[in-house]
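>>> Quick check, what structure comes out for this input:
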Amino acid sequence: MNTLDTASAPQPVDLIIYGGQVVTMDANDQIYTDGAIAIKDGTITAVGPTAQIREQYMASKTIDAHKQLVLPGFVDSHAHPGMAPLIGSFKQDPSQPSIYARGGNVPYIMTGFSSMVGRSLPEELTRITSTSYLITMLKSGTTCFADGGWLNPSAVAQAVKDVGIRGSIAPMIIDTAVDPANLDQGTHRVADADELLATMETLVAQWHGAANDRIRVIGNIFWPLLCSDELCKGMRDLCNRHNIGYNSHAAAVLNENDLSVQLFGKRTIARLAELEVLGPRFQAIHMGFVNDEEIQQLVETDTKVAHNPLQNAFAGKGITTTGAILNMMDAGVTVGIGTDGGGGFIGNMLESIRTTVALHRDMAMDNSRFPLMQAFAMATRDSARCSFWDDRVGTLENGMAADLLLVDVSNSRYAFDDTPHLWFLYSGHEGEIKTVLIDGEVVVEDGRVVTVDEEQIVAQAQEAMQGFRAQFGA
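Numbering: from 1, shown residues only. Model prediction:
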């Protein structure tokens, strides 16, 4: 945190937010009951008590945050905005287990994903539905996300640019498949690894650092079971060369490790360790089925983990029941919270924070096991680190991007206690998020997105989806 020099003359800044309870989420978890933030050129210049900030800085624009919380924006460490056309498109018989439940029907899942190789959705469909989905993210307090990979990443990037959110985009990278009826034959190629890596290079050149660095590109090994050793190592080298992160859905269902042993001779994490894929730039997604030796490999390589408690629970994966997430955190692995929103599911970070606390406390049979602020840290500074955005977001302190939320705590929910930030996490709702800023610019005002015409985008998305369902029978 910066030191305030009250002896100097007031310095000009663009914006001062004052009078709110500022929850910085810095290394000391500093909270200012009557706090203020000075912002210049989209970056936080100073944070501190209102009286000191207003004495030291002057601004052409101010925001009165009395009776409001001022929080870092949520960082969704795993989402699929490009999958938005799938939301509600494919119905499942609720009386039957999902393909991820009861250990997971892994060959069926593999076949479904590998069948998408070489296919695409209409670019405009992806752009408009992604835009609508990103509006939902912004209004629920998510200011930054990491993409888990899907089709048409450039259309997603354009949506990110238009809406004003911050995010990393990723393609879906797969080069192998299996025949479920003949697993003993191993994998076979369905795409050329070099061509996929060339596509990745083009995406980096086109979009990484775009929109004043609101858009970054993240590499992808979609699922290790569907990626050759050649592709895994090539993606690792490409991302290290460009100094960007890369991710993979790994150890995501119980039966994955057995099939990995059958196909590759090693469990998922052991194979990735042997290929030297694990490392500080690697984000492993889901990660419910790892042993103590594999957790130690994660620690030693500084590999990050994206935990998606709500979607995992809805799908019946059983990730919480293994205790792996708590064990990884206890060992020192950086674990962020994600929603896995996109494919058939609309994610919400506030609900994911609560779900993280509730599921893990219940699993441990210990209500002291997971403090709310620990989960909030996972959804902000830890998710930022997990998503390779911690140089810009995740905390409210000097030098960080001014990505933040103003939450109305003037209603009766907050009348009984002097810790409104805890009550918001425990029982608040997204409708109390009235204002959202990214890079110091207001993108949500009085609960409505102001960067695009929200009603028009929703109408266009609905029309596009009607056409999509009519064409594809979804």
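>>> Just say helix, strand or coil for residue 370.
Under DSSP: H, G, I helix; E, B strand; the rest coil, residue 370 falls in the coil class.
>>> Mind pulling up the pLDDT for it?
We have a pLDDT of 90 for residue 370.
>>> now residue 4
At residue 4, the pLDDT recorded in the model is 52.
>>> Check residue 316 too.
91.
>>> So which elements touch the worst-scoring helix or strand of the chain on mean pLDDT?
Lowest by mean pLDDT, DSSP states H and E among the helices and strands of the chain is helix 454-472, with a mean of 85. Where contact means 3 or more CB pairs under 8 Å, 6 or more residues apart in numbering; DSSP states H and E, helix 454-472 is packed against helix 123-139. Glycine gets a C-beta too; all of them are placed from N, C-alpha and C.
>>> Would you mind naming the helix or strand containing residue 354?
Element membership of residue 354 [criterion: DSSP states H and E] is helix 349-364.
>>> Going by neighbour count, which residues in that helix are buried?
Of the residues in helix 349-364, 349, 350, 352, 353, 354, 355, 356, 357, 358, 359, 360, 363 count as buried by neighbour count, 16 or more other CB atoms under 10 Å.
>>> Now distance to residue 152 and pLDDT too, for these, in a markdown table please.
Output for the buried residues of helix 349-364, formatted as a markdown table (distance: CB to CB, whole Å; pLDDT from 0 to 100):
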| residue | distance to residue 152 | pLDDT |
| --- | --- | --- |
| 349 | 24 | 96 |
| 350 | 28 | 96 |
| 352 | 25 | 95 |
| 353 | 30 | 96 |
| 354 | 32 | 95 |
| 355 | 30 | 94 |
| 356 | 31 | 95 |
| 357 | 35 | 96 |
| 358 | 35 | 95 |
| 359 | 33 | 95 |
| 360 | 35 | 95 |
| 363 | 38 | 92 |
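>>> Including distance to residue 103, could those residues go into a markdown table?
Converted to a markdown table, those look like this (distance: CB to CB, whole Å):
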| residue | distance to residue 103 |
| --- | --- |
| 349 | 28 |
| 350 | 30 |
| 352 | 24 |
| 353 | 28 |
| 354 | 27 |
| 355 | 22 |
| 356 | 23 |
| 357 | 26 |
| 358 | 23 |
| 359 | 19 |
| 360 | 21 |
| 363 | 18 |
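>>> And the helix holding residue 354, how far out from the chain middle?
Chain-centre distance of helix 349-364: 17 Å, with CA atoms, centre = their mean, to the nearest Å.
>>> Next, the angle helix 349-364 makes with the next helix or strand after it.
Next helix or strand after helix 349-364 toward the C-terminus (DSSP H and E): helix 372-379. Helix 372-379 runs at 120 degrees relative to helix 349-364, counting by axes from the mean of the first three to the mean of the last three CA atoms, to 10 degrees.
>>> For the stretch 251-400 of the chain, just list every one of the strands.
Residue ranges of the strands in the stretch 251-400 of the chain, as given by DSSP state E, counting those that start in this stretch, are 282-286, 304-307, 335-337.
>>> among those strands, which is nearest residue 173?
strand 282-286 (13.5 Å; CB to CB).
>>> Tell me the strands beside the closest one, with direction?
Applying DSSP bridges to the sheet, strand 282-286 is found paired with strand 246-250 (parallel), strand 304-307 (parallel).
>>> low pLDDT regions in the stretch 351-474 of the chain?
Residues of the stretch 351-474 of the chain that meet the criterion pLDDT under 70 lie in 471-474.
>>> still on that earlier bit, of the strands of the stretch 251-400 of the chain, which is nearest residue 109?
For residue 109, the closest of these is strand 282-286, at 12.3 Å, according to CB to CB.
>>> average pLDDT across that closest one?
For strand 282-286, mean pLDDT is 98.
>>> Make TSV from the strands paired with strand 282-286 and add mean neighbour count to it.
Supplementary listing: those in TSV, determined by neighbours: other CB atoms under 10 Å:
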stretch	mean neighbour count
strand 246-250	28
strand 304-307	28
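>>> Kindly reformat these as a markdown table containing mean pLDDT and distance to residue 261.
Shown next, in a markdown table, are the strands paired with strand 282-286 (pLDDT from 0 to 100; distance: least, CB to CB, whole Å):
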| stretch | mean pLDDT | distance to residue 261 |
| --- | --- | --- |
| strand 246-250 | 98 | 14 |
| strand 304-307 | 98 | 22 |
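>>> export those strands to a markdown table and tack on distance to residue 379?
What follows is those, written out as a markdown table (distance: least, CB to CB, whole Å):
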| stretch | distance to residue 379 |
| --- | --- |
| strand 246-250 | 18 |
| strand 304-307 | 10 |
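>>> so which of these gets nearest residue 427?
Nearest to residue 427, of all the strands paired with strand 282-286, is strand 304-307, at 21.9 Å by CB to CB.
>>> Which one of the buried residues of helix 349-364 is nearest to residue 302?
So of the buried residues of helix 349-364, ranked by how close each gets to residue 302 (CB to CB), first place is residue 356, at 21.8 Å.
>>> and the helix or strand harbouring residue 155 with helix 123-139, angle?
In this assignment (DSSP H and E), residue 155 forms part of helix 153-163. Angle, helix 153-163 to helix 123-139, by the same axes, to 10 degrees: 50 degrees.
>>> And helix 153-163, how far out from the chain middle?
16 Å.
>>> same thing with stretch 395-407?
On CA atoms, centre = their mean, the centre of stretch 395-407 falls 17 Å from the chain's centre.
>>> and what of stretch 394-407?
For stretch 394-407, the distance to the chain centre is 17 Å (CA atoms, centre = their mean).
>>> Now it: buried residues?
Residues 394-398, 400-407 are the ones in stretch 394-407 that count as buried (16+ other CB under 10 Å).
>>> picking up where we left off before, list the helices and strands the helix holding residue 354 packs on?
Counting by 3+ CB pairs under 8 Å, 6+ apart, the packing neighbours recorded for helix 349-364 are strand 74-79, helix 309-315, helix 319-322, helix 324-331, strand 335-337, helix 372-379, helix 420-427.
>>> contact partners of the second one?
When contacts are defined by CB atoms under 8 Å, 6 or more residues apart in numbering, helix 309-315 is touched by residues 98, 100-101, 286, 288, 319-320, 337, 339-341, 345, 347-348, 351-352, 355-356, 359-360.
>>> Restricted to buried residues, select the residues you listed in PyMOL.
Per 16+ other CB under 10 Å, the buried members of those correspond to this PyMOL selection:
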select buried, resi 98+100+101+286+288+319+320+337+339+340+341+345+347+348+352+355+356+359+360
